[in-house]
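K.L.:
Mind looking at a prediction? Sequence and model below.
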Amino acid sequence: MHALRGDRDPPMEGGPMGPKTLCNACGVRYRSGRLFPEYRPAASPTFVASLHSNCHKKVIEMRTKPSAADMETVSSPPGVSNG
């Protein structure tokens with residue numbers, strides 16, 4: 001979650017940390033239940049390209065793509081342990 005700051009402050013919305021803590025775009029996503037931890041603006045100091053995206057469609061893809069740990073469990077034949 002982020003809050004944008006600058007010379008031209010955007011409208012601020014309420015979020016999980018109180019009023020006026022999210023930019024308008026994130027506030028709208030938060031109210032509709034679509035603000036995921038993977039969503040970050042690219043300019044955020046905590047943005048990591050392998051973990052975050054600033055595109056909602058990409059975040060949805062990241063959340064639905066199986067992780068490497070899930071793939072190991074799926075690829076093992078029944079009764080055979082991975083480790």
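P.N.:
Yep, that arrived. Residues are numbered from 1 along each chain as shown.
K.L.:
So which residues of this structure form helices?
P.N.:
24-31, 56-64, 68-75 (DSSP state H).
K.L.:
got the buried residues for the longest one?
P.N.:
So the one you mean is helix 56-64. 59, 62 (16 or more other Cβ atoms under 10 Å). Using the backbone N, CA and C atoms, a C-beta is placed for each residue, glycine as well.
K.L.:
same question, stretch 25-45
P.N.:
Quick answer for stretch 25-45 (16+ other Cβ under 10 Å): 25-27, 29-30, 35-36, 38-40.
K.L.:
Residue 52: which of those is nearest?
P.N.:
Nearest to residue 52 among these is residue 40, at 4.1 Å by Cβ to Cβ.
K.L.:
what's the nearest residue to the closest one if we skip its chain neighbours?
P.N.:
residue 52 (4.1 Å; Cβ to Cβ, 6 or more residues apart in numbering).
K.L.:
next one: residue 29
P.N.:
Sequence neighbours aside, residue 35 is the residue nearest to residue 29 in space, at 4.0 Å (criterion: Cβ to Cβ, 6+ apart).
K.L.:
which residues does that neighbour contact?
P.N.:
Residue 35 makes contact with 1, 15, 22, 26, 29, according to Cβ atoms under 8 Å, 6 or more residues apart in numbering.
K.L.:
which stretches of this structure aren't confidently modelled?
P.N.:
Along the chain, segments meeting pLDDT under 70 span 1-10, 67-83.
K.L.:
longest strand anywhere in it?
P.N.:
As assigned by DSSP state E, the longest strand anywhere in the chain is strand 18-23.
K.L.:
Can you name every helix or strand that that strand contacts?
P.N.:
Contact partners of strand 18-23 among helices and strands, from 3 or more Cβ pairs under 8 Å, 6 or more residues apart in numbering; DSSP states H and E: strand 12-15.
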